[in-house]
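> This is the structure alone, sequence omitted:
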């Protein structure tokens, strides 16, 4: 299986669009049931979050912590880190 099968954005302009302006991609993934149960419990006790925000935030955190230098990813990671911790 090709590990780099995802398409990379070809735009050379810096991305500064907000989440409302950003295009969205539908993603389907199989995850271990224990992660699903943990996410379900977290969402149940944190009404400011939904499954889409949890998955998007987790992906941004993973990419940021593993060296992704795209500005939009860093902005999403930092926004979730500081704005959601107060909710």
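That came through, no problem. These numbers come from a predicted model, not from an experiment.
> for stretch 61-73, which positions count as buried?
63-64, 72-73 (16 or more other CB atoms under 10 Å). Heads up, the C-betas are built off the backbone N, CA and C, glycines and all.
> for stretch 40-57, same thing?
For stretch 40-57, by 16+ other CB under 10 Å, it's 49, 54, 56-57.
> So what would you say the end-to-end distance of that stretch is?
For stretch 40-57, the first and last residues are 15 Å from each other (CA to CA, to the nearest Å).
> Do me a favour and average the pLDDT over it.
The pLDDT scores in stretch 40-57 average 92.
> longest single helix anywhere in the protein?
helix 51-65 (DSSP state H).
> ok, back up a step: closest to residue 81 among the buried residues of stretch 61-73?
Checking the buried residues of stretch 61-73 against residue 81 by CB to CB gives residue 64 as the nearest, at 9.3 Å.
> For that closest one, which non-adjacent residue is spatially closest?
Distances taken as CB to CB, 6 or more residues apart in numbering put residue 77 closest to residue 64, at 4.1 Å, once the chain neighbours are dropped.
> mind listing what the one you found touches?
Taking CB atoms under 8 Å, 6 or more residues apart in numbering, we find residue 77 in contact with 57, 60-61, 63-64.
> Show me the helices in this structure, by range?
Under the criterion DSSP H, helices of the chain are mapped to 33-45, 51-65, 71-83.
> Let me have the ones you listed in JSON lines, extended by distance to residue 27.
Converted to JSON lines, the helices of the chain look like this (distance: least, CB to CB, whole Å):
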{"stretch": "helix 33-45", "distance to residue 27": "14"}
{"stretch": "helix 51-65", "distance to residue 27": "8"}
{"stretch": "helix 71-83", "distance to residue 27": "15"}
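> Can you say which of the ones you listed is nearest to residue 23?
Closest among the helices of the chain, using CB to CB: helix 71-83, at 11.0 Å.
> That closest one vs helix 51-65, what angle?
110 degrees (axes from the mean of the first three to the mean of the last three CA atoms, to 10 degrees).
> shaky segments in the chain?
1-22, 84-87 (pLDDT under 70).
> and if we set it to 80?
Applying pLDDT under 80 to the chain flags residues 1-22, 83-87.
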